[in-house]
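Student: fold the following for me, if possible:
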Amino acid sequence: MSAHPSGSVLIVSESDDLHATAMAATLREHHGHSPIRLDLRDFPRESGSFRLDRFGTTRSMSHLLGLDDVRSVWWRRPHPSNVPAGVLASDNDFRQAECDGFIQGMLWSIPAFWVNDPGADRTAARKIVQLETALRAGFAVPETLITNDSDEARSFIESRPCPVVYKRTGTGRAEFAETRIVTDDDYPRLTAIHSAPTTFQDYVNARWDLRVVWVDGVAWTTRIDSQAGVGWVDSRLDTSVDFTPDQLPASVSKSMATLMGALGLSFGVLDLRLGVDGEYYFLEVNPQGQFAYLEIKTGMPIFRSLANLLIDGDGTVQGH
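Tutor: Predicted structure coming up:
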């Protein structure tokens, strides 16, 4: 057990987020530290202030203590501030912009160690940025088209020598969207992508899938026997198959370190697929990805690793 060397840990997430709750428990158990938790939807129901003078700056919210002592932040699952609706849409837009400008600006100005830096987090969440950066980092990436042009999509699908999958391009709070293989029944629906740009990508015949939790240089890797169950296209669909701790080849680890460094991420959850051709294919990285189920399945101390990073700036765990 160790005390935080110079301040508090702040966790910014939804109040009912199980990952945030588990992290708070881990910090208390292994470091004797009770973090500050903030759901951005508490504002403006709770009052807040930022003050600057010749002596420095102070930050406060009515229900929180210690914002000025924060030295590390887990930008886990932030939510826009929750502004009550007014009468005019223009008034609502103005109030939302003012509230977001205040609460985000106050937090982002804290000179802390961020997991992850909000600007990098937002940029890295864009799938196109990820794919381009992964290719430059040395990863194999399935051939991809992202478009809202139905003719372009049809041409791509028909030109590929292998099946093509389609999936979401954005990363929002919308309902879960399954990755699926394009079938003949999908062709009449291609016109619908005009208002919702869609990702089309070569399907990789897999040996298995891998989900990697990256904690600032430590790669907690889980091999998922996805081909043994219903999740052979999308491994997120079946948690009943075997989940096994694994290690990545040195060349893949090097590409991952290059990718995460280029994206400016100290934390992320990556999806890779080992093809039958022996190649490790990059699929995506989620800067706010889910990983609790991986720890439950494998016993790997991922929460402790991230807690150590927030406390000591080092994600290693003794004995692993």
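
Student: what about the helices in the stretch 1-150 of the chain?
Tutor: 18-31, 89-108, 118-124, 127-136, 150-159 (DSSP state H, counting those that start in this stretch).

Student: buried stuff in the first one?
Tutor: Under the neighbour-count criterion of 16 or more other Cβ atoms under 10 Å, helix 18-31 has H19, A20, A22, M23, A24, T26, L27, H30, H31 buried. For every residue, glycine as well, the C-beta is placed using N, CA and C.

Student: tabulate the residues you listed (CSV), appending pLDDT and distance to S72.
Tutor: Compiled in CSV, those are given as follows (pLDDT from 0 to 100; distance: Cβ to Cβ, whole Å):
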residue, pLDDT, distance to S72
H19, 97, 16
A20, 97, 14
A22, 98, 17
M23, 98, 12
A24, 97, 13
T26, 97, 14
L27, 97, 10
H30, 95, 15
H31, 95, 11
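
Student: what is the nearest of those residues to F200?
Tutor: Closest to F200 out of the buried residues of helix 18-31 is H19 (31.3 Å), distances taken as Cβ to Cβ.

Student: my guess is that closest one meets A25, correct?
Tutor: No: H19 is beyond contact range of A25, at 10.8 Å (criterion: Cβ atoms under 8 Å).

Student: quick one: low-confidence ranges for the protein?
Tutor: The chain contains residues with pLDDT under 70 at 1-6, 87, 172-176, 319-320.

Student: how about 50 then?
Tutor: 1-5 (pLDDT under 50).

Student: from I181, how far off is V165?
Tutor: Distance of V165 to I181, given as Cβ to Cβ, to the nearest Å: 5 Å.

Student: identify the bridge partners of the nearest residue to F113 once chain neighbours are set aside.
Tutor: Computed as Cβ to Cβ, 6 or more residues apart in numbering, the closest residue to F113 that is not its neighbour in sequence is S72, at 4.4 Å. Beta bridges link S72 to V9, F113, judged by DSSP bridges.

Student: could you do Y280 as well?
Tutor: Bridge pairing for Y280 (DSSP bridges) gives the partners L274.

Student: roughly how far apart are it and D234?
Tutor: Counting by Cβ to Cβ, the separation of Y280 from D234 is 18 Å.

Student: same check on D17?
Tutor: In this view, D17 and D234 are 23 Å apart by Cβ to Cβ.

Student: can you check A120 too?
Tutor: 27 Å.

Student: for S266, same thing?
Tutor: Counting by Cβ to Cβ, the gap from S266 to D234 is 27 Å.

Student: do the same with E178
Tutor: Note on E178: its distance to D234, by Cβ to Cβ, is 5 Å.

Student: repeat for D16
Tutor: 26 Å.

Student: tell me which of those two has more neighbours.
Tutor: Legend: neighbour count by other Cβ atoms under 10 Å for D16 and D234, higher for D234 (19 against 8).

Student: and that one, what does it touch?
Tutor: The neighbours of D234, taking Cβ atoms under 8 Å, 6 or more residues apart in numbering as the test, are E178, T179, R180.

Student: between those, which is nearest G138?
Tutor: Checking the contacts of D234 against G138 with Cβ to Cβ, the nearest one is T179 at 23.9 Å.

Student: touching, that closest one and V233? I think so.
Tutor: Yes: between T179 and V233 there is a contact under Cβ under 8 Å: 5.9 Å.

Student: which residues do those two both contact?
Tutor: Listed as contacting both T179 and V233 by Cβ under 8 Å, 6+ apart are V165.

Student: where does C162 land in three-state SS?
Tutor: Put simply, C162 is coil when judged by DSSP: H, G, I helix; E, B strand; the rest coil.
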